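**Q** below are the sequence and a predicted model for it; my questions follow.
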There are 2 protein chains.
Amino acid sequence: MNNSFHTIIIGAGSGGLTVAVGLAKLGKPVAVIEALHVGGDCTNVGCVPSKTLIHQAEERGATDPSGVMAEVRRKRDALRAKETHEFGAVKNLRLIFGRARLLNPTQVALTLPEGGERILTAANIVLATGARPRTITIAGLPSERMLTNESVFELPAIPRHLAIIGGGVIGVELAFAFRKLGSQVSMIDMAPRLLTRHLPEAAHAVADSLCAKGVALHFGAGVHAYDAASQTLRIERAGQITALEGVDYVLVAVGRERNVAGLGLEAAGVRFSPRTGIATDSYGRTNVPGVYAIGDVTATSAFTHSANAQGRRVVQRIAFPWLPARAPEPFYPSATFSDPEVATAGMSQEQIAQRYHPELVKRIQVDLVTQTDRGYTDDLAQGAIIVDAMRLTGRILSVTIVGPRASEMITLFTLAIQEGISLYKLYRVVYPYPTFSSGIQKVADAFLRTTLTGLRDELTTYLRYRLARPMAPTALGLRADRTFARQVTDR
Amino acid sequence: MNNSFHTIIIGAGSGGLTVAVGLAKLGKPVAVIEALHVGGDCTNVGCVPSKTLIHQAEERGATDPSGVMAEVRRKRDALRAKETHEFGAVKNLRLIFGRARLLNPTQVALTLPEGGERILTAANIVLATGARPRTITIAGLPSERMLTNESVFELPAIPRHLAIIGGGVIGVELAFAFRKLGSQVSMIDMAPRLLTRHLPEAAHAVADSLCAKGVALHFGAGVHAYDAASQTLRIERAGQITALEGVDYVLVAVGRERNVAGLGLEAAGVRFSPRTGIATDSYGRTNVPGVYAIGDVTATSAFTHSANAQGRRVVQRIAFPWLPARAPEPFYPSATFSDPEVATAGMSQEQIAQRYHPELVKRIQVDLVTQTDRGYTDDLAQGAIIVDAMRLTGRILSVTIVGPRASEMITLFTLAIQEGISLYKLYRVVYPYPTFSSGIQKVADAFLRTTLTGLRDELTTYLRYRLARPMAPTALGLRADRTFARQVTDR
């Protein structure tokens, strides 16, 4: 058996498989080493089971919650089996189950599940080991009562009362789904609001919707202890203890930890930080030539689609090294499948603040409920398009959409930002009536109206601040590490 | 009272009001003459009540059909009252109820509802009188049993068995809604399929969905007669008579007729044809200087959003006549709110055939059910993205999307076509996972793969046919009039 490859990929999640299939189709012999399941978090404990759960909960509601859970597992298992079969059959691609450890920048020690170790060699190694849920200790809580996104989909029946620790994307999506299935749901977070990575307007819309559906929200609160006999979870806020009764399960969704333990990063000399993961440039290159990293184990990705995009860039680097490598990594869009959905494109508020003086940034907010006819005909409860654009030029910096189709609508803005399409050009687009997208027209209308009616002031302000530096990031209380910690927590 | 205005607009529908408000806000004194209701078809008998009906039917199903019908009217009346109030209060805008007749290119005779006539004068006149449903005679059918989109929303209760004549957009949307509310629904059309303006793939997906929901489809069939005593509608297909029993209402949706009767077009010398309406250029200018026409009364618009877009162009022409007027009228997107939705952007198949040799056009079709993970998690029944692009260059010519969020997804392509963004650039976009929009990535992938793997052939074919003329339109059995007649029928 040949133990020498063009490229070894460690981790068969979305990012790793993107690299593996991409190189294999270009005729490069690759090995993919996977410790657990093909498909990674996305197929097994992330997007696929969670979106199936959300869809099933919407379709069936509380009529058959156990049937919903069984269907979620059935669809997950079927997809996993299909992917395992398909990727195992790709020409030039060898899928190997086992644990991998770097020995040096070109050699990997592979520990097989049945025992035994082999040494594999390759000119390129791609680290795509992902991340796993961070856990916390709750006094008195038996381990079988604690859930994470890795175990929640194994529940044979839904909880009677689910306490969710953490108001990030995972916690919020599962809160909507289990509430719809009939569970009582309480959400607890130390932060003063949920979805702290998103604009307050988006977070408040989602919080209002959770409340309207009967989810109890406890912000600025921490977990005190659990009493198994009485099934009581005690939480603490400003020294006050509140008892949540009848809590049979506690879902912990307080962030993610990168999978670097036992990976041999030191042996290969790959630079990493426990807080920000493996350091890479915009093409996934680590500090060691020939060693790449992509996906959740790096600093910049927290999504399946960003891991895939990074994988494509690594394929380009490895297969076509003579191509110029100057394109910056894009700002990845995000989508939270809450009700309403929240989707974003472009820079974060922190990134805008680091680059531009506040006077250069004009915010336009359109309410989809009152400013679109579709919001009227559909009795929309919440919805908004919020755009931060460069004053005068209309260059789009950041977009947040809240609403029932936000995850599909955001792609127009992702394209606009990529191609440098300003609000002046979005003004010229004809939007089908009656859609929520006609709110985009209102955004462009508002930008043009406020710009053209005050053109002299707009021009003066733009010229005055165009070359001005923004306030120093430290003045805003921001540090790269903290920004990233928040990003990971909110994933 | 002053009877002289900068511009007189005849018809207070979407298009007319767009012109009126646009000019009024620029300080021009305008008069809007409306014979019936502010808001035109859209607010009163079109988009607004039909989308409210569709939404209410989805939310409430068959639990309270009479309540749904009452709610549709309540929301329509509330919006009409709000719009009437708001437009009546716009500065520089005078809203006048009555009937208008052109005396010459600058004078309009206004007949007031209470009787009496006045003469109004203006430098510019904008004709925005819209269209109304075409009616047919059905032997034996009492008039109170015949419905059109103008009367269907007045029904106090839903029909037991609704026969819909015509498989265009109006017929299809109402078939889904009334079926969901609990009516038995039969659809009859002379054509061999429904939605004849759309691609067969889209029409077949919608037909399959109608059938799955229990709607009976009778294609290639005409109406024979109605027997009121037994409530039987007899239809004829290839000489065979079929009896549809228990039909208590017949909805006629066989196309639209333009509102030009009594408008005085001859007196003003405005050119028009009974089949294609008032002839205009791409800025709404008729053959008579100072007289404009927009919306359904013209040849090119059949949608609220196209009437609005034409209105904006007319405002630009009237208010800023020194601006260059060379931009061609865009290809308007379309959206059909069936289940699944169907949305289109770009040229029609006829327009492509008239301009390009078939060898220049490459079709890419992606199945949203089997080729996107969102289709998998959501148990999608039908969905597709179909793109016709220029071979080699990837320029997007025509797009059809079938699926649950098609009307929002189409806007990305409308923008891409407007800005000349090719499939190569759509390939670079990062699409949020898991969304239906990730199917757009698959379209771009497929185009690149098939183009790059056969690059030599692609280049040869492109160069050979780039300057070749397509087959003559008449060889395809097409004439402008017929194309347009189909467009109007299918609206």
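**A** Thanks, I have the structure now. Numbering: from 1, shown residues only, chains lettered A, B, ... in the order given.
**Q** domain parsing for chain A?
**A** Following automatic domain parsing, one gets these domains for chain A: A:4-132+A:257-319, A:143-254, A:357-469.
**Q** let's have these in a markdown table, adding mean neighbour count and distance to chain B.
**A** (C-beta placed from N, C-alpha, C; glycine too.) Formatted as a markdown table, the domains of chain A follow (neighbours: other Cβ atoms under 10 Å in any protein chain shown; distance: least, Cβ to the nearest Cβ, whole Å):
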| stretch | mean neighbour count | distance to chain B |
| --- | --- | --- |
| domain A:4-132+A:257-319 | 20 | 4 |
| domain A:143-254 | 19 | 12 |
| domain A:357-469 | 20 | 4 |
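**Q** could those domains go into a markdown table alongside mean pLDDT?
**A** What follows is those, written out as a markdown table (pLDDT from 0 to 100):
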| stretch | mean pLDDT |
| --- | --- |
| domain A:4-132+A:257-319 | 95 |
| domain A:143-254 | 97 |
| domain A:357-469 | 95 |
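**Q** what is the end-to-end distance of stretch A:214-228?
**A** Taking Cα to Cα, to the nearest Å, stretch A:214-228 runs 25 Å from one end to the other.
**Q** pull the residues that contact that stretch.
**A** Stretch A:214-228 is contacted by residues A:136, A:138-142, A:145, A:165, A:167, A:175-176, A:179, A:184-194, A:207, A:210-211, A:232-238, A:241-242, A:244, A:247, A:250 when judged by Cβ atoms under 8 Å, 6 or more residues apart in numbering or on different chains.
**Q** how far is it from where the chain is centred?
**A** Chain-centre distance of stretch A:214-228: 24 Å, with Cα atoms, centre = their mean, to the nearest Å.
**Q** which helix runs longest in chain A?
**A** The longest helix of chain A (DSSP state H) is helix A:65-88.
**Q** following the chain past it, name the next helix or strand.
**A** strand A:93-97 (DSSP states H and E).
**Q** helices and strands around the longest helix of chain A, which ones?
**A** Counting contacts by 3 or more Cβ pairs under 8 Å, 6 or more residues apart in numbering or on different chains; DSSP states H and E, helix A:65-88 is packed against helix A:14-25, helix A:40-45, helix A:47-60, strand A:93-97, helix B:373-377.
**Q** and the ones you listed: which comes nearest residue B:448?
**A** Evaluated over the helices and strands packed on helix A:65-88, closeness to residue B:448 peaks at helix A:14-25, with 12.5 Å, by Cβ to Cβ.
**Q** tell me the SS of residue A:173?
**A** Here residue A:173 is recorded as helix under DSSP: H, G, I helix; E, B strand; the rest coil.
**Q** hmm, residue A:338 and it touching each other?
**A** Yes: Residue A:173 lies in contact with residue A:338 (Cβ atoms under 8 Å); the separation is 6.0 Å.
**Q** pull the residues that contact the helix or strand where residue A:132 lies.
**A** Secondary structure from DSSP H and E places residue A:132 in strand A:131-133. Residues from elsewhere that reach strand A:131-133 (Cβ under 8 Å, 6+ apart): A:41, A:148-150, A:252-253, A:255-259, A:296-297, A:488.
**Q** quick one on the thing from earlier: make JSON lines out of the helices and strands packed on helix A:65-88 and add distance to residue B:348.
**A** Listed next are these as JSON lines, based on distance: least, Cβ to Cβ, whole Å:
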{"stretch": "helix A:14-25", "distance to residue B:348": "36"}
{"stretch": "helix A:40-45", "distance to residue B:348": "39"}
{"stretch": "helix A:47-60", "distance to residue B:348": "34"}
{"stretch": "strand A:93-97", "distance to residue B:348": "43"}
{"stretch": "helix B:373-377", "distance to residue B:348": "27"}
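**Q** mind checking which of these is nearest residue B:34?
**A** Proximity to residue B:34 (Cβ to Cβ) singles out helix A:47-60 among the helices and strands packed on helix A:65-88, at 42.3 Å.
**Q** and the closest one, what does it pack against?
**A** If you count contacts as 3+ Cβ pairs under 8 Å, 6+ apart, helix A:47-60 packs onto helix A:65-88, helix A:169-181, helix B:373-377.
**Q** the first one versus helix A:14-25: what angle between them?
**A** Following axes from the mean of the first three to the mean of the last three Cα atoms, to 10 degrees, one obtains 30 degrees for the angle between helix A:65-88 and helix A:14-25.
**Q** then the second one?
**A** Using the same axes, to 10 degrees, the inter-axis angle of helix A:169-181 relative to helix A:14-25 is 110 degrees.
**Q** packing partners of helix A:169-181?
**A** So helix A:169-181, by 3+ Cβ pairs under 8 Å, 6+ apart, packs with helix A:47-60, strand A:161-165, strand A:184-189, helix A:200-212, strand A:334-336.
**Q** okay if I get these as TSV plus distance to residue A:361?
**A** As requested, those are exported to TSV (distance: least, Cβ to Cβ, whole Å):
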stretch	distance to residue A:361
helix A:47-60	32
strand A:161-165	34
strand A:184-189	29
helix A:200-212	16
strand A:334-336	20
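**Q** pretty sure residue A:31 sits against residue A:119.
**A** No: look at residue A:31 against residue A:119 with Cβ under 8 Å: they stay out of range, at 12.0 Å.
**Q** partner residues bridging the residue lying closest to residue A:199 once chain neighbours are set aside?
**A** The shortest distance from residue A:199 to any non-neighbouring residue, by Cβ to Cβ, 6 or more residues apart in numbering or on different chains, is to residue A:400 (5.0 Å). In this entry, residue A:400 is beta-bridged to residue A:344, residue A:386, by DSSP bridges.
**Q** and residue A:456, that one's in a helix?
**A** Yes: assigned with three-state DSSP, residue A:456 falls within a helix.
**Q** sorry, back to before: out of the helices and strands packed on helix A:47-60, the one nearest residue A:324 is which?
**A** For those, proximity to residue A:324 was assessed by Cβ to Cβ; helix A:65-88 is nearest, at 30.9 Å.
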